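Give me the fold of what follows.
(chains A and B)
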Amino acid sequence: MEYWDEYIARSSNGTIFHTSEWLRAAESHANMKLLPVVVRKGDHIVCLLPLFYRRRYGFRILMSPPNLCAIPYLGPAFIIPSSNRYKYEQTYIDVIDEIILFAEKNIGFDYLRIVHPPDVIDMRPYTWKKYYVHPRYTYIFDLTAKTEELYNHFHSTTKNAVKKAITNENIVISGNIKYAQDVLTLVRKRFEAKKIRFQISDRYFQQLMNSSLSDNIESVAILHNDRIVAGDIALTDKKNAYAWIGSVSRDGNYPGIGELVLWEKIKEFAGRGYLTYDIIGANRRDIRKHKAKYGARLADYYVVEKTSMKGSIALQLMKRFGKENDE
Amino acid sequence: MSEYRAYIVDEKDLDLWDDYISRSEAGTIFHRLDWLKAAADQSNMKFIPVAVTKGEDLVCLMPLFYKTKYGLRVLLSPPNRCYISYSGPVLNIIPSNRYKYEWTYISILDEIIHFAEKQIGFDYFRIIHTPAIRDMRPYVWRGYSFSPKYTYTFDLSKGPEEVYNRFSHAARKYLRKALNNDELTISRDREYMHAILSLAEERSHDQDITFRITADYFQKLLDSSISSSIESIAVFDKGNLVAGNINLTDGDTVYAWVGIISKEHVIQGAGELVLWDNIKEYHKKGYKTFDIVDANIRRLCRHKSRYGPDLIDYPEVYKTSLKGKIALGLMNKYKKRQND
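Predicted coordinates:
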C-alpha cells in the first residue's frame, strides 16, 4: 500500500474515497476486509481497485464501496496512458475483463457491487458478462462558471431564502473545523428523528480526522447564540469538492440557513479554484425536490451488480438489515 | 390531479407531428412520421402516437408500438427489426431555469408511464432513448429495469484532420493503401443504394444473421419525405462494389445506418476509405456529428474503436409483468435449446 496514494493521485478518476487512509477507516467501520487489487499491463500499473470482502450468513459479499460508510463512489481508478482513444479503450476493456475474472475466479462472491464515479461511463465489459447495470444520479455545480451565474440558476424561493438568511443579524457563520463534531451530531439527530440509520459513527469520523485526510475535511457551521443551527461537512480532493453531510436544526425558526450554508460553500470552493462541487445524491424523490432548487447539473453514474443464486437471497437480507441512506 | 395529460393523437392531427419533432432537441429522423409508419408495417405492430400536453401546450410526443403475441401485450419504442437506433419521448420544454425544466421533465415522464401502464397496458414495455435524454429516475422510481447502450460518434466540427489524428496506426495504414489505389472509385450516386443493401443482406446471410431491412421497408422510406435524408456512398474496384454505406442526415447529425464491406472482392482499406470520405464530405456540408451507430457488440467495437470515435451512452429501460417474465424465461430457454 506504500505507493497506493501516489497512483491514486495520478489516476484519471481517483477520489478522496480511494485514498489508503479513507479505505482503512472504511475497512474497520464496515467490518469488511479491504482487498486492494492492482492491475498491471507489463510493468505498468494501469488500475487500482479497492474491494471490500466479508462473509455473512455464509454468503461472500464483495463491494466497492462497502455499505454504511457514506462513500458515494469508489470502484476502479485508472492510470491508463492515453496515447490514443483506441488504445485507451482496448486497455480499459482488458482491465475490466481482468478485474471481473479476478473477482470471479480468485476471490469468488455471491454478491458483487461496484459504484463507479460519474466520469466512468463504459459499462460494456460488465454487460457483456451479464452483470446488471443501473444508473444513479447526483447534482454537481460547475465551479468554473461565475458564481453569479450559479446563483442565477437557483430557484426564486431559494434565492429569497439565501437573502433572508444573509440579513439575519442574529446568526454567525463559522468555517472553524472545531465545529465539525457538532455538525456531525446535528446531522445524526436529524437522521434519528427521521428514524433513518445514520452511517457515520464518531469513531469513523475521528479516524478520518486523525489521518492526513483531515486537511481535506472542512466544515461550515451557522451559530445562533453559540449554538449550531445548521452545518455542513465538505470534502475536497484534487479539483473537486463534495458536500458530504449536512443538516439544519428543526429547533427554532431560521429561514434560509440551509441555503446559506450551500451558497457559502459554493463561493468558498469556487474562490479556491475547485472545478466542481458535488452535493451527493439525487436519487430519492423526496430529497430531489429540495436539491433540484439549486439548479445544479444532474450527473449520472453507474452501479454494477452481480449475484449468484445464493447471492440473491443475500441481497434480500442486506436490504433488510443494511438499509442505508446515501443522501 | 396532474396538470399534464397524455393521450393518443388523432389521425387528423398527425400533420403537426413532424413540425414538433423538428423543433425538439431530442427529435431524430427515427421520430418522423413517415419513418414511424414504415416501421409499423415492417414490425407488424400498431403505431400509437402519444402526446402529452400541459394545459394548451404540447410538451412531448412519444411514438409507441403495440402488438399482442401469444397472449402477451408488447409495447415498444422503437419496434424490433427496424434498424431504429433511438426512439422514446421527444420533449420540447422551454426551461426558465433548471429546476423548472427538471420538474416538467419528471412530470411528463410520470404521465407517460402512467398512460402506458393504465391506459394501454403491457406485459413487456421497452424504450430506447436518444443520448440527449439521460434522466431515468422517473422510470427507476417505478421499478423499471435499465440497460446502458452505446454508440460511437465523431465530432465533425473539429475538422477531418483532427478526426484522422485519432485513427489507430493500422486504420491510417489501410486508408493510405486505399487512397493510393488508383483502381478504386467512389460514387455517391443514389442508384447504388439497392446494391449496397443487397450486399449487406448477402453478408448477413453468410454470417447466419437475419437481415432486417426488407426491400419493402426500404422502398417505403425512399418513397416518403425521408428520402431526401437518405444518402449513400459506394466504393468500386474495376466495377465491383467493394464497400459502401447508406447514411441518414438529420439536422446537424449524420448516421451511418448501413455499412458493408464485400467479402467476395476484398480490397484493403475500402472500409476506411468509405468512412474517411464520409467524414470529409459531411464536415464540408456543415454537419457536426457523425454517429456510426452501435457500439454494443463486442467484436464490432474492436473494429469501430480503431477510428478513435467518442463513446456515447444512451439509456434503455424496460418493465415486464409477471406473465411477461414467465413467457420471456420460456422463450429464452427455448432459444438456448435451439442454439445448443
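
For the residue of the stretch 1-150 of chain B found nearest chain A, give me the pLDDT.
The nearest approach of the stretch 1-150 of chain B to chain A comes at B:Arg98, 4.0 Å away (CB to the nearest CB). C-beta here means a position set from N, CA and C on the backbone, and glycine is covered the same way. You'll see B:Arg98 listed with a pLDDT of 86.

burial measure for it, as a count.
By other CB atoms under 10 Å in any protein chain shown, 19 other residues sit near B:Arg98.

A:Pro36 now?
In terms of burial, A:Pro36 registers 12 neighbours under the definition other CB under 10 Å.

Give the rounded mean pLDDT of the helix or strand that it is a member of.
Assessed by DSSP states H and E, A:Pro36 sits inside strand A:33-41. Averaging pLDDT along strand A:33-41 gives 97.

neighbouring strands for that strand, and are they parallel or not?
With DSSP bridges as the test, strand A:33-41 is paired with strand A:44-56 (antiparallel).

about what we covered before: contacting residues around the residue of the stretch 1-150 of chain B closest to chain A?
The contact partners of B:Arg98, taken as CB atoms under 8 Å, 6 or more residues apart in numbering or on different chains, are A:His153, A:Ala292, A:Gly295, A:Ala296, A:Arg297.

With just CA atoms, put the strand holding A:Pro36 into PDB.
Extracted in PDB, the C-alpha atoms of strand A:33-41 (Å, rounded to 0.1, in the frame of the first residue of the first chain):
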ATOM      1  CA  LYS A  33     -11.700  -6.900   4.700                       C
ATOM      2  CA  LEU A  34     -10.000  -4.500   2.400                       C
ATOM      3  CA  LEU A  35      -8.600  -6.200  -0.700                       C
ATOM      4  CA  PRO A  36      -6.500  -3.600  -2.600                       C
ATOM      5  CA  VAL A  37      -6.400  -5.000  -6.100                       C
ATOM      6  CA  VAL A  38      -3.900  -3.900  -8.700                       C
ATOM      7  CA  VAL A  39      -4.000  -4.500 -12.400                       C
ATOM      8  CA  ARG A  40      -0.800  -4.400 -14.400                       C
ATOM      9  CA  LYS A  41      -0.100  -4.200 -18.100                       C
END
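
For it, buried residues please.
A:Leu34, A:Leu35, A:Val37, A:Val39 (16 or more other CB atoms under 10 Å in any protein chain shown).

Could you do stretch A:287-307 as well?
Residues A:288, A:291-296, A:298-307 are the ones in stretch A:287-307 that count as buried (16+ other CB under 10 Å).

Now narrow those residues to whatever sits close to chain B.
For chain B, the contacts drawn from these by CB under 8 Å from any CB of the partner chain are A:Arg288, A:Ala292, A:Lys293, A:Tyr294, A:Gly295, A:Ala296, A:Leu298, A:Asp300, A:Tyr302.

Relative to B:Lys158, which of those is nearest.
Nearest to B:Lys158 out of these is A:Asp300 (CB to CB; 25.4 Å).

mind listing the strands for chain B?
Assigned by DSSP state E, the strands in chain B fall at B:4-8, B:46-54, B:57-69, B:72-77, B:90-91, B:124-128, B:145-155, B:184-187, B:230-237, B:240-250, B:253-261, B:289-291, B:310-320.

For B:Ile84, which of those is the nearest?
It's strand B:124-128; of the strands of chain B, that one is closest to B:Ile84 (CB to CB) at 8.0 Å.
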